[in-house]
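Undergrad: how would this look folded up:
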Amino acid sequence: KKNSSPPPYFHRNCMNEFMGLIRGEYEAKEGEKFVPGGASLHMCMTPHGPDTKSYDTNIRTDTSTPAHLPEDTMAFMFETEHTPLVATAMYNSEQRDVDYYQCWMGLPHYFTGEKEVKL
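TA: Numbering: from 1, shown residues only. Predicted structure coming up:
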């Protein structure tokens, strides 16, 4: 949409969010470990969003012209008020990214409470 904020953005949900990548590259985790077959689970009110690199790219994007997601990308997202349970096998999986939180470690403190933020 013209003159809108480019997705994705940092946020919290009042629902539990499970998303996965089927093919392509997810625009919120460019070049990171989120690859086809990967998934993430964010529980109610857990802050989450794009990795630092993607956020920095998107916050500076010119929104006066439309942008399109790659045609070869397919992802899904489910939101539910029910608390999902993670199977022990998945929790103990070697593919589990125990350093997932690291993707936000370089995120600058842009949120100052001021009405206008200078980048």
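Undergrad: what about the protein, any weak spots by pLDDT?
TA: Across the chain, the ranges flagged by pLDDT under 70 are 1-8, 30-32, 69, 110-111, 116-119.
Undergrad: Would you map the helices across it?
TA: 52-59, 88-91 (DSSP state H).
Undergrad: Looking at the ones you listed, which is nearest to residue 112?
TA: Comparing the helices of the chain against residue 112 with CB to CB, the closest turns out to be helix 52-59 (14.0 Å). (Glycine included, C-beta is placed from N, CA and C.)
Undergrad: thinking again about what came up before, redo the helices of the chain as JSON lines? Include mean neighbour count.
TA: Converted to JSON lines, the helices of the chain look like this (neighbours: other CB atoms under 10 Å):
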{"stretch": "helix 52-59", "mean neighbour count": "17"}
{"stretch": "helix 88-91", "mean neighbour count": "9"}
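Undergrad: Let me have these in JSON lines, adding distance to residue 67 as columns.
TA: Listed next are those as JSON lines, based on distance: least, CB to CB, whole Å:
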{"stretch": "helix 52-59", "distance to residue 67": "9"}
{"stretch": "helix 88-91", "distance to residue 67": "34"}
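Undergrad: Indicate which one of the ones you listed is closest to residue 113.
TA: helix 52-59 (17.1 Å).
Undergrad: For the closest one, what is the distance to the chain centroid?
TA: 11 Å (CA atoms, centre = their mean, to the nearest Å).
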